[in-house]
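Novice: with the sequence up front, the predicted model follows.
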Amino acid sequence: MYKLLDKVFGIVIKLLALFSLLLLAFIVLFIFKESVVFFKEVPVLNFITGRRWNPLKSPNDLSIFNIILGTLYVSVVAIIIALPIGVGSGILLSTYIKGKWKIVIRGIIDILAGIPSVVYGFIGLLVIVKFFENTLDFSTGESVLAGGILLSAMVLPYIISTCQETMDKVYEEHSLSSKALGISKTYMVRKIVVPESRKSIIAATILALGRAMGETMAVMMVIGNAPIAPRLLGRAQTIPSLIALEMGMAEVGSLHYHALFASGLVLMIMLLIINIILYYIKKGIGI
Amino acid sequence: MKKSLSIFLSVLIIFSIILTGCTKEAPSGTTGEETGNRETANESINTFRAQMTFNGSSTLAPVISAIATDFIEEYTTWDKVDPSFPAENISIYVSAGGSGAGVKAVLEETADFGMLAREIKDEENQKIGDPKEFKLGIDALTVSINPENPLLKIKDDLSTEEVKKIFSGEYKYWDEVESSLPHREIVVVIRDLGGGAHEVFQKSVMGDTEVREDAIQAPSMGALVTKVIENKDAIGYASFGMVNQNIGKLIPLKVDGVEATKENIVSGSYKISRPLIAVKKGELTPEQQAFMDVLTSEKGSAIIEKMGYVPVK
């Protein structure tokens, strides 16, 4: 009886797994199919290296180099801001705080990950952008920096949780012996905990980069959406915000419509590369 | 044993869901596309449907939604609209996704009506095949600035040429528009370049000139208006309806001396305007006709006007 059940259960699980795999395959296939129509008209290289995006003009004006740059720029700014804070919080949680407080603080950080991105965007618009405009007297607050600050808050939970997992392990492993040797906690953190967990810090960075690049709503609300070469205090556009902004208006079946799918494909490939790197790093550290 | 029973039941449920999904899919797949379409069209006329869906322009969506709410509150069930209809609850769903999405929804028959805040293009007309078009109102795009902008003290009028220069980036600072103004950067806010509003603006003002590349693209008309309300140096093409909903918070300028008023928009002397249209593929069912009659009635027009747009009548 139980053998039969085991078998049925195994089959069901396999079917469900297959179903999710098929789902992914269909999504990829669909985006690819819609993009191919565009790439027949505009060569891939032109699309990726061209600097102009203007859907009202000729097909050659649909190219996304600036937008790719914008996507990377905002994400990198976010990582630069979030990494020190994230690693710091990771160290704090794994070595200095114990017991109830640790659970409470982790809980609060996990809530950060659960806040809908449109809420973040709204806060960004009302707080960060307004601050730039009113206090710092920018002509407009919409900028790469605003997007970066906002995104850094959004990717923080991912960095903290990835770092903390490893740091916990490292600390547990060495705390007894370092206490026996009479080494101070700071010395131990600097010489053992941080170096030992550097691979997981890299993994966290890449994971956060992937998340930041795919973020749509919050970024769209604070970044100004101008497809120009991005500057830190200037406006920019990211691929997700481009798609979200223009998909509703694009005429079905037009070149513009297919170009948006093509830019989605580019983003997907970029994320795929990042995930492959993440896979190898994870394999390297053996999490 | 209880556990195994629950596992067995959950498996059963999953398979039954998958299988029913398949059977529903099958008929439309087996019939030819042409006949399939005709069949569904006939079906929708013969069988009564208490549900109606609208999808498309984010400008028109709140208007239809307001009229629909009114309609539902007044009648509740269909038999009160017309005694020949069955006594089913009226439900009208409105979702906004842009004019392009409206056309798409009609084409793919995911919605009964598409809402557009621009003319239907010829290619779209051809694709739909048999479109029924209902012009509900007119919206104008006003060139609006923040009330704190010092330009207002000097004049409330820009020529098309000036608007063109501001939006194309030839004038980068306010003191280039008028030398007495402070040397502050002009913040141009537009809607997305591929969208309906921008298309109208491009056609009626910009012509072949391109909008400056670093203009802020607002994700919605609401966001555009908010930006102008909050930024002293901003200028953007706020929709007439939005301006009327935010009187005093942003100031529409005259263009070539013509003010954006109802009369000027209807007569066409204010040139930056666009129609608000509902589109349907094929014939209307009686119940759809009933709602459309309300949309185009005096009462519907009154709501359209209350929302800040110009009714056709």
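Specialist: Ah, there it is. Numbering: from 1, shown residues only, chains lettered A, B, ... in the order given.
Novice: for the rest of this, base every contact and every neighbour count on C-alpha atoms.
Specialist: OK.
Novice: need the residues of the stretch 51-200 of chain A near chain B, please.
Specialist: A:Asn54, A:Pro55, A:Leu56, A:Glu133, A:Ser139, A:Thr140 (CA under 8 Å from any CA of the partner chain).
Novice: how about the contacts made by the spatially closest residue to B:Ser58 that is not a sequence neighbour?
Specialist: Distances taken as CA to CA, 6 or more residues apart in numbering or on different chains place B:Ala96 nearest to B:Ser58, at 4.8 Å, with adjacent residues excluded. By CA atoms under 8 Å, 6 or more residues apart in numbering or on different chains, B:Ala96 lies in contact with B:Asn55, B:Gly56, B:Ser57, B:Ser58, B:Ala61.
Novice: out of those, list just those in helices.
Specialist: Residues of the contacts of B:Ala96 located in helices (DSSP state H): B:Ala61.
Novice: I'd like to know which of the contacts of B:Ala96 is nearest to A:Gly182.
Specialist: B:Ser58 (67.4 Å; CA to CA).
Novice: how about A:Ala153, what does it touch?
Specialist: A:Ala82, A:Leu112.
Novice: where's the one helix or strand it maps to relative to the chain centroid, distance-wise?
Specialist: Secondary structure from DSSP states H and E places A:Ala153 in helix A:144-181. Averaged C-alpha coordinates place helix A:144-181 at 17 Å from its chain's average position (CA atoms, centre = their mean, to the nearest Å).
Novice: what does stretch A:190-197 give?
Specialist: On CA atoms, centre = their mean, the centre of stretch A:190-197 falls 25 Å from that of its chain.
Novice: equivalent analysis for stretch A:253-261, please.
Specialist: Stretch A:253-261 sits 25 Å away from the centroid of its parent chain (CA atoms, centre = their mean).
Novice: and what of stretch A:83-100?
Specialist: For stretch A:83-100, the distance to the chain centre is 21 Å (CA atoms, centre = their mean).
Novice: same check, this time on stretch B:84-100
Specialist: With CA atoms, centre = their mean, you get 16 Å for stretch B:84-100.
Novice: list the buried residues in the helix or strand following the helix holding A:Ala153.
Specialist: Later in the chain than helix A:144-181, the nearest helix or strand by DSSP H and E is helix A:185-188. Across helix A:185-188, burial judged by 16 or more other CA atoms under 10 Å in any protein chain shown covers A:Met188.
Novice: for stretch B:180-194, same thing?
Specialist: Buried, per 16+ other CA under 10 Å, within stretch B:180-194: B:Leu181, B:Glu185, B:Ile186, B:Val187, B:Val188, B:Val189, B:Ile190, B:Arg191, B:Asp192, B:Leu193, B:Gly194.
Novice: now render those residues as CSV, adding secondary structure, distance to chain A and pLDDT.
Specialist: Formatted as CSV, those follow (DSSP: H, G, I helix; E, B strand; the rest coil; distance: CA to the nearest CA, whole Å; pLDDT from 0 to 100):
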residue, secondary structure, distance to chain A, pLDDT
B:Leu181, coil, 15, 84
B:Glu185, strand, 6, 86
B:Ile186, coil, 8, 89
B:Val187, strand, 7, 89
B:Val188, strand, 10, 91
B:Val189, strand, 9, 91
B:Ile190, strand, 10, 90
B:Arg191, strand, 9, 87
B:Asp192, coil, 6, 82
B:Leu193, coil, 7, 79
B:Gly194, coil, 6, 72
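Novice: tell me the one of those residues nearest A:Asn275?
Specialist: B:Asp192 (31.3 Å).
Novice: shaky segments in chain A?
Specialist: Chain A contains residues with pLDDT under 70 at A:57-60, A:285-287.
Novice: so is the residue nearest the centre of it in a helix, a strand, or just coil?
Specialist: The geometric centre of chain A, computed from its C-alpha atoms, lies nearest to A:Arg211 (CA atoms, centre = their mean), at 1.6 Å. Classification of A:Arg211 by DSSP: H, G, I helix; E, B strand; the rest coil places it in helix.
Novice: do B:Leu136 as well
Specialist: strand.
Novice: can you check B:Lys104 too?
Specialist: Strictly by three-state DSSP, B:Lys104 counts as helix.
Novice: nearest spatial neighbour of the residue nearest to the centre of chain A, chain-adjacent residues omitted?
Specialist: Nearest one to A:Arg211, counting by CA to CA, 6+ apart, is A:Val155 at 6.9 Å.
Novice: residues contacting the one you found?
Specialist: A:Ala78, A:Ile79, A:Ala82, A:Ala113, A:Ala208, A:Arg211, A:Ala212.
Novice: would you turn the residues you listed into TSV with secondary structure?
Specialist: Listed next are those as TSV, based on three-state DSSP:
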residue	secondary structure
A:Ala78	helix
A:Ile79	helix
A:Ala82	helix
A:Ala113	helix
A:Ala208	helix
A:Arg211	helix
A:Ala212	helix
